[in-house]
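> Here is a sequence together with a model predicted from it:
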Amino acid sequence: MAKAIHSMIRVVQERLSVNFYKSAFGLDIADRLDFETFTLVYLRNAEDDFELELTINKGRAEPYALGDGYGHIAFCVDDLEAEHKRLTAAGFNPRKIVEFNREGALLARFFFVADSDGYQIEVLQRHGRYR
């Protein structure tokens, strides 16, 4: 059986991205691999071995066009309201909390927040299938 191990995004400023994911989601650098034309930074936390891979192409200054193909990465938390308040206080400007119901039952409570490159991150309350 296959195991998901990481998702990759391209970022412009390594420091800003690493600081955002550390502050917002407690992700620390698990590994950093520097090459001649690019750097790979793998981020993870104690919750899981799944990693976010940041690819930094050296010499790139302009933001990436995210296009309409990128969806989002999602994190689940124990206390959605507390995380929303914490991210707001940190100046990350999360969007409002939304409840998503299906057939009269709560499916999910969540909000989105953008990182320094404009990637959208979904933050979900631990509930149901989102654990």
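Great, that's in hand.

> out of everything not next to it in sequence, what's closest to residue 53?
Leaving aside its chain neighbours, residue 53 sits nearest to residue 8 (4.1 Å; criterion: Cβ to Cβ, 6 or more residues apart in numbering). Using the backbone N, CA and C atoms, a C-beta is placed for each residue, glycine as well.

> Residue 88 touches residue 94, doesn't it?
Yes: at 6.1 Å, residue 88 counts as touching residue 94 under the criterion of Cβ atoms under 8 Å.

> what's near enough to touch residue 10?
Listed by Cβ atoms under 8 Å, 6 or more residues apart in numbering, the contact set of residue 10 reads 54, 55, 56, 57, 64, 117.

> pretty sure the third one contacts residue 34?
No: counting by Cβ under 8 Å, residue 56 stays clear of residue 34, with 9.3 Å between them.

> Which of the two has more residues huddled nearby?
For residue 56 versus residue 34, the count of surrounding residues by other Cβ atoms under 10 Å is larger for residue 56: 19 against 10.

> what residues does the longest strand along the chain touch?
If each strand of the chain is counted by residues according to DSSP state E, the longest one is strand 105-114. Identification of contacts with strand 105-114 by Cβ under 8 Å, 6+ apart yields 24, 72, 74, 80, 84, 87, 92-101, 120-125, 127-128, 130.

> Report the buried members of these.
By neighbour count, with 16 or more other Cβ atoms under 10 Å, these hold 24, 80, 84, 87, 92, 94, 121, 122, 123, 124, 125, 130 as buried.

> any chance of those in a markdown table, with distance to residue 47, pLDDT and secondary structure too?
Compiled in a markdown table, the buried ones among the contacts of strand 105-114 are given as follows (distance: Cβ to Cβ, whole Å; pLDDT from 0 to 100; DSSP: H, G, I helix; E, B strand; the rest coil):
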| residue | distance to residue 47 | pLDDT | secondary structure |
| --- | --- | --- | --- |
| 24 | 14 | 96 | helix |
| 80 | 16 | 97 | helix |
| 84 | 19 | 98 | helix |
| 87 | 17 | 97 | helix |
| 92 | 19 | 97 | coil |
| 94 | 20 | 98 | coil |
| 121 | 15 | 95 | strand |
| 122 | 16 | 94 | strand |
| 123 | 13 | 95 | strand |
| 124 | 13 | 94 | strand |
| 125 | 15 | 95 | strand |
| 130 | 13 | 87 | strand |
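
> I'm done for today, thanks for sticking with me.
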